[in-house]
Every structure is written in structure tokens, then in C-alpha cells.
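# here is a sequence with its predicted model. Questions after.
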Amino acid sequence: MAVGLLIGVMLFVATVCLLAASGLAARSARASFACTVAGTAAGLVAAMAVLLGPGDWEWTSALAPGGENFRLQLDGLAAFFLVLVCVVGCAGAAYACEYWPESTGSAARGRAWWNALVLSMGAVLLVSNGVHFLMAWEAFALCGYFLITLDNRYAGVRAAGWLYLAASHVGTLALIAFFASLAQSLGTWDLGPTNDVPSIAPLFWLALFGFGMKAGFFPCHIWLPSAHANAPSHVSAIMSGVAIKMGVYGIVRFGGWLPVPDAAGYVVIGIGAASAVLGIAFAFAQNDVKRLLAYCSVENIGVILIGVGAALLARSHGNAAWGGLALAGALLHVWNHGLFKSLLFFGAGSVLHATGTREMSRLGGLWKSMPWTAGLFAVGAVAVAGLPPLNGFAGEWLIYLGLFEGATTRAGFAWAVLPAAILLATAGSLALAAFAKAGGVIFLGVPRTKPAAGAHECGPGMLAPMLALATACTVIGVAPSLVWMPVARAVGTWNPAWSGAANPLFALGPAQLLLAVLAAAAGALLWKKSRANGLRRAPTWDCGFCRPTARMQYTGGSFAGIASGWFAAIFRTEHKSRRPRGPFPASAFHLDHVPETVLDRMIRPTGALIEKLSHAALGLQHGRLPFYILYLVAGLAVLGVYVFLEAAL
């Protein structure tokens, strides 16, 4: 009773503080930030009380918005996602204090919409009624739109916002159909476990599509690259690190509450594997650092869905224990991706803040002027590549354990589980190459342009949140057992048959810590030996050319050229070049552009065709009454022929 009262009070305090922060946004940035910190801290306390405690929290009110009783529920799964909302929500608000100074005209509006976004995502996790879920979901989508389009002076920003809004509402239409069909089948809008009603299993496909549009898995990712690239950097961080996880939450939540079709596990694994490989392949081909990070989010959603699909598959085959490992890895990766992706977007924002550009080909040599940003970006890059000893490795390691155990059972589903493990490894290797490219082109070498040469390190207001997130990535990496209890609690909420599983991270922590110590010792020894042997700085080998320039460095496109060729059939790369002519050519260039293949090659042409047909049909409406009567007669004739044929057959 006492714990439930504490949770209720903390959630009430969080709501009041976030509403107060929104109200104070235009008056005082410090007061607004203080309320945001108080609200997210209260929400974090409530979530951890559930994750570390034995029971769930529920509350029912006499209020009936939308004609349905207002019910809130915080269980282990919702609390797990709420932790991420609160952590990144607080870190982004702190980052915004310097990134969005008071002189910025949109700063006050941005702070208000930020708190509204955090509050609406918390509501999505807490409400326990289909009508109220849709209300919270719509508020969440609208807050995201207003944050993405804060700097709406630019056409690209407005286009990205409209694409996000259109995609969000396509997904929402599917969710309206899902919840309405669910309520019609069950006779109530209240949400909860319904595994004993097998007739509603096909509704899972509606949920998968509706929530998948928000999660941004391939090919429902069409809105994600442009939205994350054009939004302010800390907005990109919460959209990528947290907002798309609301889609994952929906898939996991209703995949656990509903009976699912037998093919669901195979389909989700297939979607996850395709998203992982194609997402990171498109990321590798990008020259815009924020678009690279956005496509990398598609890859990481794929990694999570591989684990979720394996869990669905294991549950449909007798609750095999290896499914619990895969689900634990997927949920841990939800936290891990939220942390390191927010760190990387903060780092990209620091670079943009210092240089005014996101184009990697216009950067270079920033490690000299921005050593803290370079170092923290490197931490995020190692984590996102899934390398030990950071947190990205721990989550993927659990997924690998689950997949390998599933493959060794020699059951009929091994043909799906083993290729998923291979494709997961392929995505990991491409992620390493993509972030070697990003880190090298942005921070190493020499500056390619004057803005890069004049870059400066960001202030403590932006560095402190980055440092906090990097610390969290390191701690979870070297001591993953610290987070096993919350992960196990969330897994047990999803499937009670997997409660009480042994901690598979117990031995991983010491191994990762030992690896980190050995790597640090080897680095120190190498540096000492190099200094003793007369290490000195000198120009790199210039191929005998006596006047090397910054333009002769590798660019992002040249770095990724070979890998881009592997996926040429999917990328449909557009080439533009001018060859050098004559003995003393005046100019020459070669440009490669990778379009948004699904959007530009499929959806936009289809939309243009529909628009063309619509304009052609518009000619039928010309105001001539005899023709309208003819249309009615023709329609009745067709209907009569149909009825006659139906009766004859």
C-alpha cells in the first residue's frame, strides 16, 4: 500500500511539474528547467519503485473523458520504458539550455512542446483504455510535429514535418481500426491480457503496422531520416532515442497481451533482420551526419525486433527459455540505444553548433578544437557498433545467446533463427564501418572548410548531458548486472513463464571490465614506448605531391564507395560528374547522391499516379445534369449485371 501511494504521488508530482514547466517556458528558462528536472525525477522514482518492487500500480478515476472511465496502470514493462523517457527527457532539457539560448525566438515554444512531448509519452505508457491511449498517442504525435518544425523558415524543415505528420496519421488510422476492432470483439475499451480469445489474433497485424510506422522499421521508415535530420539536435535525440521506442512499446505490449498468429514471430524476425541490414547500409551511404544517425536508428530498431520476434517464436513453441534471453536483450537494447543514440545526436548538435553544417565533407580535423565532443562521440560510436566493453555489446550479446540457443534446439524454426543471427552480425560489422567513416571524416585529418577551421568546443551546458550519457553507457557496459533486475522484471511482466531466470550477465561484467583495463593499459604502454622512441608529428605521405591540400582527403562518399556498390540495386545511386578535359583542365567534379529509395522510387510515384487519376476523374464533375443521370443509370446497370451473375452462380 505504501509503495503504491508513493508511486501515485510521484506520478502526480511529475505531471504537475511538467505542466508547470510548460507554463513557465516563456517566462523563465531556469524555472522551466527546474520544473522539468523535478517532473522527470519524480517519474523516474515511480518507475524504479515498480521495477525494483514486487507489484504493479493501478488507479481508477471517476472521470470519464471520451465516455470511458479513466484508468492508469504502471507495470514492469511500462515502467521500463518510462525510465528511458525520464532520463533522456531530463538530459535533453539540460542540453537545450545552452543549445537554445534565450535569444533564440523559438526557445520558449520549444521548451513548452518539449515538456508536452515528455508528458504525452508518459501518458501513452500509463493509460489502460483504448480511447485514452489514442488520445495520448495523438497528443504525442502532434507534440513531435511542432518540435520538428520549430525552425519552420526553411522549406526542408516544413516538408519533413508534414511527412512525419502524414506518416504518423497513417499509423494512427491503423491503430484506430485496431482498438475499435478489439473493443468490438471484447465488449470493452479497457486494455489488458486477452490471450484466451484466439479469434482476435489477426488484429496483431494492424497493431504491427500502426506501431511500426512510429517505430520506423523498414520500409515504414520513410518519415524518419528527414524528420531527425531537420529537427533541432536534442529533439532528434529524443525522437530517435525515445519517441520511436513508443512504437516498439506498442508492438511488445500487445504482442504479449494478445494471442498472435503462428507466423508473427517469423514476420517480426524478418522485418527486424531487413531493417538492421538495410538501415545501416543506407546510413553508411550518407554524407549528412544527422541522416546517418537517423538511418542507424532504423538499424537498431531492427536489432530490437529480432529479439522481439524470437521471443514471439519461442512463446508459440512452449515458452522456450531462450525466448526470454532474446527478449531481455531486446529490452536492454531499448535502454542502450536510447542512451548512446542521444549521446551521438548531442555530439552532432555540438558539431553543428560550432560549424553551422551537417555535411561531413565540409568538416574534418575537429578533434583539435573540440576534443571533448570528439571523445564523447567516440564513446557513442563504440557503443552503437556493439563493441565491448560498452553497453551496446551487452544487449546484443543477450540476443545472440537467445538466437544461438534457439538454433541449437534443432526445431523447425532454426531455419529462421540462425540466419537472423548471421544478419545481425552483418549489421554490426557495417555499423562499425559506418561510424569509423563518420568519426574519421568529421574529427580526424585537417579542416576542409573555413567554418571547420574556426570551430570551437561547446560549453558545459551541452557537455554535461553528453558526459552523463557516456558515463551511463560505460557503467552498463562494464557492470551490466546492475540493470538485470529491471530487465528481468519487464520480461516477467511480458511473460510470467520467464520470471525468475538466472542472471546471464553475471560473468559478462568482469570480462568487460578486464577488457577495458587491458585496453587502457595497452594504450598507455604504446604511448609510453612511442614517446621513448622519439614520436613526432609529421605530414602523412603525400604520394610525392609537393603541395597537398585538405581537398585530397577521403570524403564520406569515397570511404563508403565499395559498400555502396554492394547495395547498388537498392540504393539506386544518382551520379553527376564532369570529367577533366584538355591538358590543363579548369574544373572537374563527381557527385553521388543516394535517394530515399522507398519514398522517392515507390511512394511518391504512386502518389503522383493517384493524383493524376484524381484530376482526370475531376473532369466528370462538370455541372451538366443529363450526364449525372447517365452516371446513375450506368451504375444501376452495372449493379444489376452483378446481381444477376451472383444469382446465376
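Nice, I can see it. Numbers count the residues shown, from 1 in each chain.
# helices or strands next to the helix or strand harbouring Gly309 in the packing?
For Gly309, the enclosing helix or strand under DSSP states H and E is helix 289-315. Contact here means 3 or more CB pairs under 8 Å, 6 or more residues apart in numbering; DSSP states H and E; on that basis helix 289-315 packs against helix 224-230, helix 233-238, helix 244-257, helix 264-284, helix 321-355, helix 391-408, helix 414-443. (Each C-beta comes from the backbone N, C-alpha and C, glycine too.)
# mind redoing it with 7 Å?
When contacts are defined as 3 or more CB pairs under 7 Å, 6 or more residues apart in numbering; DSSP states H and E, helix 289-315 packs onto helix 224-230, helix 244-257, helix 264-284, helix 321-355, helix 391-408, helix 414-443.
# pretty sure Ala49 sits against Ile7.
Yes - contact status for Ala49 versus Ile7: in contact at 5.3 Å, counting by CB atoms under 7 Å.
# which of these two has more neighbours?
Legend: neighbour count by other CB atoms under 10 Å for Ala49 and Ile7, higher for Ile7 (24 against 17).
# would you mind confirming that that one is in contact with Trp57?
Yes - under the criterion of CB under 7 Å, Ile7 lies in contact with Trp57, with a separation of 4.4 Å.
# please state the offset of stretch 18-34 from the chain centre?
Stretch 18-34 sits 27 Å away from the centroid of its parent chain (CA atoms, centre = their mean, to the nearest Å).
# same question, stretch 625-635
Mean-position distance between stretch 625-635 and its chain equals 52 Å (CA atoms, centre = their mean).
# pull the CA atoms of that stretch into PDB?
What follows is stretch 625-635 as a C-alpha-only set of coordinates in PDB (Å, rounded to 0.1, in the frame of the first residue of the first chain):
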ATOM      1  CA  LEU A 625     -27.400  17.300 -65.300                       C
ATOM      2  CA  PRO A 626     -28.000  14.800 -68.200                       C
ATOM      3  CA  PHE A 627     -24.600  13.300 -67.700                       C
ATOM      4  CA  TYR A 628     -25.200  12.900 -64.000                       C
ATOM      5  CA  ILE A 629     -28.400  11.000 -64.700                       C
ATOM      6  CA  LEU A 630     -26.400   8.900 -67.200                       C
ATOM      7  CA  TYR A 631     -23.800   8.100 -64.500                       C
ATOM      8  CA  LEU A 632     -26.700   6.900 -62.200                       C
ATOM      9  CA  VAL A 633     -28.200   4.700 -64.900                       C
ATOM     10  CA  ALA A 634     -24.800   3.200 -65.800                       C
ATOM     11  CA  GLY A 635     -24.100   2.500 -62.200                       C
END
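# offset the numbering so it begins at 53, please.
Shifting the count to begin at 53 puts that one at stretch 677-687.
# avg pLDDT for it?
Model confidence over stretch 677-687 averages 84 on the pLDDT scale.
# and what of stretch 266-278?
Taken as a whole, stretch 266-278 carries a mean pLDDT of 89.
# Ala602 versus Ser456, what's the distance?
Ser isn't right for residue 456; it's Phe. In this structure, Phe456 and Ala602 are separated by 47 Å, where distance is defined by CB to CB, to the nearest Å.
# where's the most centrally placed residue in the chain relative to Ile353, distance?
Centroid-nearest residue in the chain, with CA atoms, centre = their mean: Ser292, separated by 3.7 Å. Using CB to CB, one obtains 10 Å as the distance from Ser292 to Ile353.
# what do you get for Gln564?
When CB to CB is applied, the distance between Gln564 and Ile353 equals 25 Å.
# mind checking which of these two has more residues around it?
Neighbours were tallied for Gln564 and for Ile353 using other CB under 10 Å; the higher tally belongs to Ile353 (32 against 24).
# what residues are up against that one?
If a contact means CB atoms under 7 Å, 6 or more residues apart in numbering, then Ile353 has 267-269, 296, 300, 327 as its contacts.
# contacts for stretch 445-459, please.
Outside stretch 445-459, the residues within contact range by CB under 7 Å, 6+ apart are 355, 358-359, 362, 366, 372, 374-375, 377-378, 380-382, 384-385, 388, 438-439, 465-466, 469-470, 472-473, 476, 480, 528-529, 532, 556-557, 560.
# wait, stretch 414-430
395-396, 399, 402-403, 406-407, 409, 491, 493-501, 504, 507-510, 515, 518-519, 522, 602, 605.
# try stretch 473-485
325, 328-329, 332-333, 336, 348, 351, 354-355, 358, 436-438, 448, 451-452, 455-456, 459, 615.
# from these, list just the buried residues.
For the contacts of stretch 473-485, burial is judged from neighbour counts taken by 16 or more other CB atoms under 10 Å, and it is met by 325, 328-329, 332-333, 336, 348, 351, 354-355, 358, 436-438, 448, 451-452, 455, 459, 615.
# how many other residues sit next to the nearest residue to Asp248 once chain neighbours are set aside?
Sequence neighbours aside, Pro311 is the residue nearest to Asp248 in space, at 7.9 Å (criterion: CB to CB, 6 or more residues apart in numbering). Here the count is done by other CB under 10 Å, and Pro311 has 18 residues near it.
# pretty sure Pro311 sits against Asn247.
Yes - under the contact definition of CB under 7 Å, Pro311 touches Asn247, with a separation of 5.3 Å.
# picking up where we left off before, need the residues touching each of Ile59 and Trp109.
102, 126.
# let me see the domain layout of this protein.
The chain breaks down into these structural domains: 314-574, 676-701 (assignment by automatic domain parsing).
# could you give the mean pLDDT of the longest one?
Think domain 314-574. Here the mean pLDDT over domain 314-574 is 88, rounded to a whole number.
# hmm, back to that, now the buried members of the contacts of stretch 414-430.
In those, burial by neighbour count holds for 395-396, 399, 402-403, 406-407, 409, 491, 493-495, 497-501, 504, 507, 509-510, 515, 518-519, 522, 605, counting by 16+ other CB under 10 Å.
# the residue located most distally from the centre of the chain and Leu684, how far apart?
Relative to the C-alpha centroid of the chain, counting by CA atoms, centre = their mean, Pro678 is the outermost residue, at 56.3 Å. Computed as CB to CB, the Pro678 to Leu684 distance reads 11 Å.
# then Leu691?
11 Å.
# check His273 too.
Using CB to CB, one gets 45 Å for the distance from His273 to Leu684.
# report the buried residues of stretch 202-212.
Residues 202-203, 209, 212 are the ones in stretch 202-212 that count as buried (16+ other CB under 10 Å).
# can you show me the helices along the stretch 553-701 of the chain?
560-584, 608-611, 613-618, 620-623, 649-650, 656-670, 677-700 (DSSP state H, counting those that start in this stretch).
# can I get the ones you listed in a markdown table including distance to Ala164?
Formatted as a markdown table, the helices of the stretch 553-701 of the chain follow (distance: least, CB to CB, whole Å):
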| stretch | distance to Ala164 |
| --- | --- |
| helix 560-584 | 41 |
| helix 608-611 | 36 |
| helix 613-618 | 42 |
| helix 620-623 | 40 |
| helix 649-650 | 34 |
| helix 656-670 | 34 |
| helix 677-700 | 51 |
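# comparing those helices, which comes out most buried?
helix 608-611 (a mean of 20; mean count of other CB atoms under 10 Å).
# what is the mean pLDDT for it?
Computed over helix 608-611, the average pLDDT equals 68.
# can you show me the CA trace of stretch 326-334 as PDB?
Output for stretch 326-334, consisting of C-alpha atoms alone and laid out as PDB, is shown next (Å, rounded to 0.1, in the frame of the first residue of the first chain):
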ATOM      1  CA  ALA A 326      15.800  -6.500 -43.100                       C
ATOM      2  CA  SER A 327      15.700  -3.200 -41.100                       C
ATOM      3  CA  ALA A 328      19.000  -4.000 -39.400                       C
ATOM      4  CA  VAL A 329      21.000  -4.600 -42.600                       C
ATOM      5  CA  LEU A 330      19.300  -2.100 -44.900                       C
ATOM      6  CA  GLY A 331      19.100   0.600 -42.200                       C
ATOM      7  CA  ILE A 332      22.900   0.600 -41.600                       C
ATOM      8  CA  ALA A 333      23.600   0.200 -45.300                       C
ATOM      9  CA  PHE A 334      21.700   3.400 -46.000                       C
END
